[in-house]
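**Student:** let's see this in three dimensions:
(chains A and B)
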2 protein chains.
Amino acid sequence: MSPTLPHVRTRLTDLAEQAGVSTATVSRVLNGKAGVSSETRQAVLAALDLLGYERPEKLRNRSAGLVGLVVPELTNPVFPAFAQTIESLLSEHGYTPLLCTQSPGGTTEDEYVEMLLDHEVDGIVFVSGLHADSLAGRERYERLRSRGMPIVLVNGFAEGIDAPFVSTDDVAAIELSVRHLESLGHRRIGLAIGPDRFVPAQRKQGAFADALLRHGLVEDPASAADEHTVVTLFSVEGGQAAAVELLDSGHTAIICGSDLMALGAIRAARSRGLDVPADVSVLGYDDSPLIAFTDPPLTTVRQPVAAMAQAAISALLTEIGGARAPRTELLFQPELIVRGSTGAVPPAR
Amino acid sequence: MSPTLPHVRTRLTDLAEQAGVSTATVSRVLNGKAGVSSETRQAVLAALDLLGYERPEKLRNRSAGLVGLVVPELTNPVFPAFAQTIESLLSEHGYTPLLCTQSPGGTTEDEYVEMLLDHEVDGIVFVSGLHADSLAGRERYERLRSRGMPIVLVNGFAEGIDAPFVSTDDVAAIELSVRHLESLGHRRIGLAIGPDRFVPAQRKQGAFADALLRHGLVEDPASAADEHTVVTLFSVEGGQAAAVELLDSGHTAIICGSDLMALGAIRAARSRGLDVPADVSVLGYDDSPLIAFTDPPLTTVRQPVAAMAQAAISALLTEIGGARAPRTELLFQPELIVRGSTGAVPPAR
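**Tutor:** Numbers count the residues shown, from 1 in each chain, chains lettered A, B, ... in the order given. Okay, the predicted model is just below:
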């Protein structure tokens, strides 16, 4: 029936090489024979998919159930990265992921959740959802929990929701950023950040004020907020607008709340004839896919997406299994990835 | 109940500015008053979402139904772009999008389709699905059609499937690319492309041979395939591997089957000390989001994602409404976006 099997047979060696197993093992998996570990089977299936072969019918998985995955949007490439990683893990555990992504004016988180409940999902993962919005009500999550729906909340925290939380440590991210720029001689460091109703933005602002104070770059925390922080949007345009203000006020380095903002900040610097990093240093946040290819390659703080996805799914599966995952917020340590957008402070003019 | 309304009220002017309407209109929409066109209402909702305000309960939409959207994966940023655009349009028409994305070894297209049928979707849009794979069976689509399920197939074509097709014109894309490089003086132009079981890859290869012949760059079409085309994968690593071969055989310009491949080709050129575009010109395909920020900014052929999404959704809604959309494949014209990765042929050494 499947027109691809003969073709697959002639490519056993390609598959074996891609999967890192013997051709005999590939054969065993393709023929549905026993005596193959589930990791090996998975590796061969992944090799089939990666090399673009159609998967033979008998190797199809039976779904253990549906799991909803709610992300804000797909424009910021860190969200597709979270989605792809979490989906892979769900699939590995036999669950079918239902990805719900939002667009301006489109289906909202609450509408998606209603739909997911109608379709009897086994659990829901929220990435940067309304739980990260300090002004949004948390009753929505309490209602889900009171129905016994397992949920996990990524990158946001709201006191009192009975669910596991998985976040990047925003305080550590800012400390890494400020220390890096300070060691390059920068004394006027600015922060370009998205709306301060969002928990990660609040945490970064607080940490930024603390870090400037600790490094002796301001005398009181209020001036960190008043003179060195610009609140706009997490987009390219938001970063550009914030950078214009921060450059006007003489900053030589800009820490951004997202890689997109950093791309906007670089654009703002260049549009006034400044070179990055010779005249201005710009630091991103996320380490989104492909961001290493930008001009200049972006220095940024990496969210450990794979480890966070792993922790989120592990907690969710624990809850789906009827046990209780820890309620402490799991804070993941970010890493500073130094590329080409930061450099020594320019000599004073 | 909603903690955000007082806050929203103080920001009426922001919302009005973002939506391009008066503050009175914003008020009318927020209070659910009549006398506002659906476009205006949508613009205000989009402004709320864009500025990060929670949408008041009474403005929630009732879903007209579910529509499945199947895309291959999210790693190539053109797929999140298609997903985001199609989802916006579905939401505008009151449908709730169910996004199904694949990952190596994860849930397959067929498994997703079964799940979508179980959940009684009103229609399914496939972007670069198995319909684009010339070796995959087309019975899966015939089965869907025989159940009366409305489907639309994007970027792929298979004779005999009773459904609307929406594609970028691959022949035009290659012709634009070859003409651009030829006008810059390049005579040895190579093509780096993904697996030739996929319809767009086949079309591009055929068009490439025709174009080289027509521009007098080869004497017979077979040599275009044998000497100037390298078939690998559509990924960064695929582009890198293909470029190594094409540079070894003295090509001064490389046309790539995806922007990701082009990034890999640039990396391959640099790793042997060549400058892009001074020594080698590299041309991408897709014009993925953020690709303008790469080093050098990528010259690429843009898929008209918005227009294609619009056509796909329009056809799907026609079919859902019980009418019949045209069965001719709609071919969308790509555009050449010239940035910094292509330049004049280097003087012969």
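**Student:** what about the strands in the stretch 151-300 of chain A?
**Tutor:** Assigned by DSSP state E, counting those that start in this stretch, the stretch 151-300 of chain A shows strands spanning A:151-154, A:165-168, A:189-193, A:229-231, A:253-256, A:281-286, A:299-302.
**Student:** now what about the shortest one, what contacts it?
**Tutor:** Right, the one you point to is strand A:229-231. A:190-196, A:201, A:205, A:208-209, A:241-242, A:245-246 (Cβ atoms under 8 Å, 6 or more residues apart in numbering or on different chains). From N, CA and C alone the C-beta is placed, and that goes for glycine too.
**Student:** any idea which of the residues you listed is closest to A:P56?
**Tutor:** A:G194 (46.7 Å; Cβ to Cβ).
**Student:** hmm, A:A241 and that closest one touching each other?
**Tutor:** No - if you go by Cβ atoms under 8 Å, A:G194 and A:A241 don't touch, sitting 11.5 Å apart.
**Student:** who's more crowded, those two?
**Tutor:** Neighbour count, other Cβ atoms under 10 Å in any protein chain shown: between A:G194 and A:A241, A:G194 has more, with 23 against 19.
**Student:** torsion angles phi and psi at that one?
**Tutor:** Note on A:G194: its backbone torsions stand at phi -80, psi -180 [degrees, to the nearest 10].
**Student:** now it. Nearest residue, chain neighbours left out?
**Tutor:** A:F234 (3.7 Å; Cβ to Cβ, 6 or more residues apart in numbering or on different chains).
**Student:** OK, contacts around the one you found?
**Tutor:** A:76, A:194-195, A:257-258, A:260-261.
**Student:** ok, now how distant is A:V230 from A:A243?
**Tutor:** Using Cβ to Cβ, to the nearest Å, we find A:V230 at a distance of 8 Å from A:A243.
**Student:** okay, and the common contacts of these two?
**Tutor:** Counting by Cβ under 8 Å, 6+ apart, the residues touching both A:V230 and A:A243 are A:A192.
**Student:** of those two, who's got more company?
**Tutor:** Each of A:V230 and A:A243 has its neighbours counted (other Cβ under 10 Å); A:A243 has more, 30 against 20.
**Student:** ok, now which ones touch the more buried one?
**Tutor:** A:A243 sits next to A:192, A:254, A:264-265, A:267-269, A:282 when contact means Cβ under 8 Å, 6+ apart.
**Student:** tell me how far it lies from chain B.
**Tutor:** To chain B, A:A243 is 15 Å away according to Cβ to the nearest Cβ, to the nearest Å.
**Student:** what's the answer for A:Q84, then?
**Tutor:** For A:Q84, the distance to chain B - Cβ to the nearest Cβ - is 5 Å.
**Student:** burial of that residue, as a residue count?
**Tutor:** 25.
**Student:** biggest separation within the contacts of strand A:229-231, which pair?
**Tutor:** Maximum distance among these (Cβ to Cβ): 21.3 Å, for A:A209 and A:A241.
**Student:** picking up where we left off before, out of the contacts of strand A:229-231, which end up buried?
**Tutor:** Neighbour-count burial (16 or more other Cβ atoms under 10 Å in any protein chain shown) is assigned, among the contacts of strand A:229-231, to A:190-195, A:201, A:205, A:208-209, A:241-242, A:246.
**Student:** buried stuff in stretch A:145-157?
**Tutor:** A:149-157.
**Student:** check contacts around A:V218.
**Tutor:** Counting by Cβ under 8 Å, 6+ apart, the residues that A:V218 touches are A:209, A:212, A:224, A:227-228.
**Student:** quick one: low-confidence parts of the stretch 201-349 of chain A?
**Tutor:** A:349 (pLDDT under 70).
**Student:** show me where it has helices.
**Tutor:** Per DSSP state H, counting those that start in this stretch, the stretch 201-349 of chain A carries helices over the ranges A:221-228, A:236-248, A:259-271, A:305-320.
**Student:** so for B:K33, which of the ones you listed sits nearest?
**Tutor:** Across the helices of the stretch 201-349 of chain A, closest to B:K33 is helix A:236-248 (Cβ to Cβ), at 31.0 Å.
**Student:** relative orientation of that closest one and helix A:259-271 in degrees?
**Tutor:** Comparing the axes of helix A:236-248 and helix A:259-271 via axes from the mean of the first three to the mean of the last three Cα atoms, to 10 degrees yields an angle of 50 degrees.
**Student:** got the residues of the stretch 151-300 of chain A near chain B?
**Tutor:** A:194-195, A:197-198, A:233, A:260, A:263, A:289-290, A:293-297 (Cβ under 8 Å from any Cβ of the partner chain).
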